[in-house]
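Colleague: return atomic coordinates for the entry below.
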Amino acid sequence: MFEGLSEKLDVVFRKLKGHGRLTEANIEEGLKEVRLALLEADVHYRVVKQLVADIKHRALGQEVLSSLTPGQQVIKIVNEELTRLMGAQHQGLNLSGTHPVSVMLVGLQGSGKTTTAGKLAVYLRKQGRKPYLVPADVYRPAAIDQLTKIAGQLGVPVFASSTDMDPADICQQARVAAHRQGCDTVILDTAGRLHIDEALMAELGRIKQTLRPADILLVADAMTGQDAVNMAAAFNQALDIGGVVLSKMDGDARGGAALSIKTITGKPIKFVGVGEKLSDLEPFHPDRMASKILGMGDVLTLIEKAQETVDARQAKELERKLRKSQFTLEDFRNQLQQVRKMGSLSDLVGMIPGMGKLKQMKNLDIDEKELVRVEAIIGSMTAQERRNHLILNGSRRRRIATGSGTTVQDVNRLLKNYTQMLKMIKQLNKGGMRGIGKGMLPT
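Modeller: Coordinates of the predicted model:
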C-alpha cells in the first residue's frame with residue numbers, strides 16, 4: 001500500500017533538497033511531479049487540485065523561502081497537508097447512548113463486512129466491551145453461517161438469524177437478546193448488493209430508523225480505488241454514515257481511497273483492515289499514515305503492537321538473561337513467536353523510520369516460511385537440547401531434522417546463526433552497554 005506513491009514523492013523531495021535555494025520555478029516543477037504521483041495513485045482529481053494548491057500557497061511563503069533548509073520545510077508542509085487531508089486526527093467509534101448501543105456495518109457485497117464484524121468484535125473486546133454479533137444478511141445463507149462460525153471462534157455471543165426473518169426484526173430482537181446476555185455493543189452485519197440499488201438503501205434505512213444505531217460504518221474495499229470513494233459518497237448521502245472502514249489495505253492498492261474519502265464525503269476513515277486475521281483491524285491515524293506515505297515510518301503503531309503482544313514479565317526476564325548472556329534456544333523461539341504475533345515482518349520493517357528508503361530494503365523479500373521452519377526445528381529438540389545447544393551432536397541433529405521435516409543443513413544453519421547471536425550478545429555485555437533493552441520494554 002502506497003509503495004509507488006512513496007517512491008515517487010521521495011524522488012521529488014530529493015530533487016528539492018538538492019537545491020541550495022528554492023525558487024518559485026523549482027517549487028512549481030516539484031509540485032507538477034507531486035500532482036502526477038497523486039493522480040497515478042488514484043487520488044480524486046478534485047482532492048489533488050486542492051492539495052497541490054494548498055501546498056503551493058504555503059511553500060511560496062516565508063517559512064520556506066527564508067529557511068536554512070527549504071527542502072525539509074517543503075516536506076514538513078506536505079506531511080501536514082496530507083494529515084489534514086485525511087482528517088487531522090483519529091476519530092473513534094461513537095458508542096454513546098443507552099446500553100446496548102448498536103454499530104451498523106453497511107457496504108457492497110464482497111467488501112468484507114462479515115469479516116470486519118468479527119474484527120470489530122475483537123477490537124471492542126480489547127477495549128473492555130462485551131460485543132454481540134448479529135447476522136442480518138438474510139439473502140446469503142453463507143453470510144449467516146460465516147458470522148456464526150466467526151462468533152464461535154472468538155467465543156462471542158451471536159443472534160440466531162434465519163433467512164425467513166425480516167432484517168429489521170432481526171436487529172430489533174437481537175438488541176433485546178444482547179441486553180439479556182449483558183452485552184453492551186451490538187454489531188449489525190447488514191446485507192450488501194453487487195451494486196447500489198433503491199431496495200438495498202430502503203432496507204438499510206428501515207434498520208437505521210428501527211434501531212437508531214450509535215454509529216454507522218461503511219466497509220469499503222481499498223483495492224477498488226475511486227469506486228470506493230464514489231460508493232462512500234452514495235452511502236453517505238442515503239444514510240449519513242458515521243465513518244469508513246477501509247478493508248484490504250494490506251493488498252496491492254494504490255491508496256487513492258484513503259487520501260480522497262474524507263474530502264469527498266466529509267466523513268472520517270475510522271479503521272483499516274491490514275490482514276486476514278481477526279486481530280488485523282487498526283484504528284486509522286491520519287498523521288501516522290502521512291508519515292508512512294513520506295517514508296518516515298510509523299513508530300507509534302509499532303510500539304502499540306509490541307505493547308499488545310509482549311508480556312511484560314517475559315520481557316523483564318529476557319532482559320535479565322541477555323545481560324547475563326543466558327539466551328537459550330527456548331528464549332529464541334519465544335521471541336520469534338511474539339514477533340510473528342505482531343504481524344508480517346515486511347510491515348514491521350516498514351514502520352521503522354527510513355527503512356523504506358534504503359535500496360537494500362526495497363527489494364528485500366522476507367520469507368515468513370523460514371520463521372516457521374526455525375520454530376519447527378527448535379520444537380523438535382528436547383527441553384535439555386533447547387537449554388544447552390552444545391550437546392547437539394551429529395545424531396541428534398539428524399533426529400531433529402527428521403522430526404521437523406527439514407534437512408541437517410537447515411539445522412546447522414540455525415545453530416550457526418544462533419551461536420553468532422550469542423557472541424554478539426557477549427560482546428555487547430563486555431562493552432558495558434548497560435542500557436541494552438532499557439526503554440524498549442513495556443512497563
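Colleague: helix or strand right after the helix or strand containing Glu81?
Modeller: Assigned by DSSP states H and E, Glu81 belongs to helix 70-85. Where DSSP H and E defines the elements, the next helix or strand beyond helix 70-85 is strand 101-106.
Colleague: please save the CA atoms from that next one in PDB.
Modeller: The C-alpha coordinates for strand 101-106 follow below in PDB (Å, rounded to 0.1, in the frame of the first residue of the first chain):
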ATOM      1  CA  VAL A 101     -25.500   0.500  21.700                       C
ATOM      2  CA  SER A 102     -25.600  -0.600  18.100                       C
ATOM      3  CA  VAL A 103     -22.900  -0.300  15.400                       C
ATOM      4  CA  MET A 104     -24.300  -0.900  11.900                       C
ATOM      5  CA  LEU A 105     -21.900  -2.100   9.200                       C
ATOM      6  CA  VAL A 106     -23.000  -1.300   5.600                       C
END
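Colleague: got the buried residues for that strand?
Modeller: 101-106 (16 or more other Cβ atoms under 10 Å). Where C-beta positions appear, they are placed from N, C-alpha and C, glycine not excepted.
Colleague: now for the helix holding Glu81, which elements pack on it?
Modeller: helix 3-18, helix 24-40, helix 45-59, helix 62-65, helix 256-265, helix 286-293 (3 or more Cβ pairs under 8 Å, 6 or more residues apart in numbering; DSSP states H and E).
Colleague: for this protein, which spans come out with low pLDDT?
Modeller: Filtered on pLDDT under 70, the chain yields the residue ranges 1-3, 17-21, 62-71, 251-255, 295-319, 321-325, 339-368, 428-443.
Colleague: and the closest residue to Val138 other than its chain neighbours, helix, strand or coil?
Modeller: Nearest non-adjacent residue to Val138, counting by Cβ to Cβ, 6 or more residues apart in numbering: Thr163, 4.8 Å away. At Thr163 the chain is in coil, as set by DSSP: H, G, I helix; E, B strand; the rest coil.
Colleague: over to the one 5 residues further on?
Modeller: Judged by three-state DSSP, the three-state class of Ala168 is helix.
Colleague: relative to Arg140, how far out is it?
Modeller: Distance check for Ala168 against Arg140: by Cβ to Cβ, to the nearest Å, it reads 17 Å.
Colleague: which residues touch Ala238?
Modeller: When contacts are counted by Cβ atoms under 8 Å, 6 or more residues apart in numbering, Ala238 touches 201, 204-205.
Colleague: and if we set it to 10 Å?
Modeller: 106, 196, 198, 200-202, 204-205, 208 (Cβ atoms under 10 Å, 6 or more residues apart in numbering).
Colleague: what do you get for Leu124?
Modeller: 93, 95, 103, 130-131, 156, 184-185, 187, 281.
Colleague: quick one: which of those residues is nearest to Pro213?
Modeller: Lowest distance from Pro213 to the contacts of Leu124 (Cβ to Cβ) belongs to Val103, with 6.2 Å.
Colleague: tally of neighbours for Ala41?
Modeller: 25 (other Cβ atoms under 10 Å).
Colleague: ugh, wrong one, I meant Phe284
Modeller: So Phe284, with other Cβ under 10 Å, has 23 neighbours.
Colleague: now the one 3 residues further on
Modeller: Using other Cβ under 10 Å as the criterion, Asp287 is surrounded by 19 other residues.
Colleague: from Phe327, how far off is it?
Modeller: From Asp287 to Phe327 the distance is 37 Å (Cβ to Cβ).
Colleague: check contacts around Leu239.
Modeller: 104, 106, 201, 204-205, 207-208, 213, 216, 218.
Colleague: could you redo the last one with a cut-off of 8 Å?
Modeller: 106, 201, 204-205, 208, 216.
Colleague: so which of the contacts of Leu124 are in strands?
Modeller: Within the contacts of Leu124, residues falling in strands by DSSP state E are 103, 131, 185, 187, 281.
Colleague: of these, which is the nearest to Gln237?
Modeller: Distances from Gln237 to the ones in strands among the contacts of Leu124, taken as Cβ to Cβ, are shortest for Val103 (20.4 Å).
Colleague: isn't the closest one right up against Ala121?
Modeller: No: contact between Val103 and Ala121 fails when scored by Cβ atoms under 8 Å: they sit 10.0 Å apart.
Colleague: can you pull out the strands in the stretch 151-300 of the chain?
Modeller: With DSSP state E, counting those that start in this stretch, the ranges of strands along the stretch 151-300 of the chain come out as 185-189, 215-221, 243-247, 269-273, 281-283.
Colleague: count of residues packed around the nearest residue to His90 once chain neighbours are set aside?
Modeller: Closest residue to His90 apart from its sequence neighbours, by Cβ to Cβ, 6+ apart: His285 at 4.7 Å. By other Cβ under 10 Å, 22 other residues sit near His285.
Colleague: do the same with Gln91
Modeller: 18.
Colleague: can I assume it is in contact with Pro268?
Modeller: Yes: using Cβ under 8 Å, Gln91 makes contact with Pro268 at a distance of 4.3 Å.
Colleague: for these two, list the residues in contact with both.
Modeller: Gly243.
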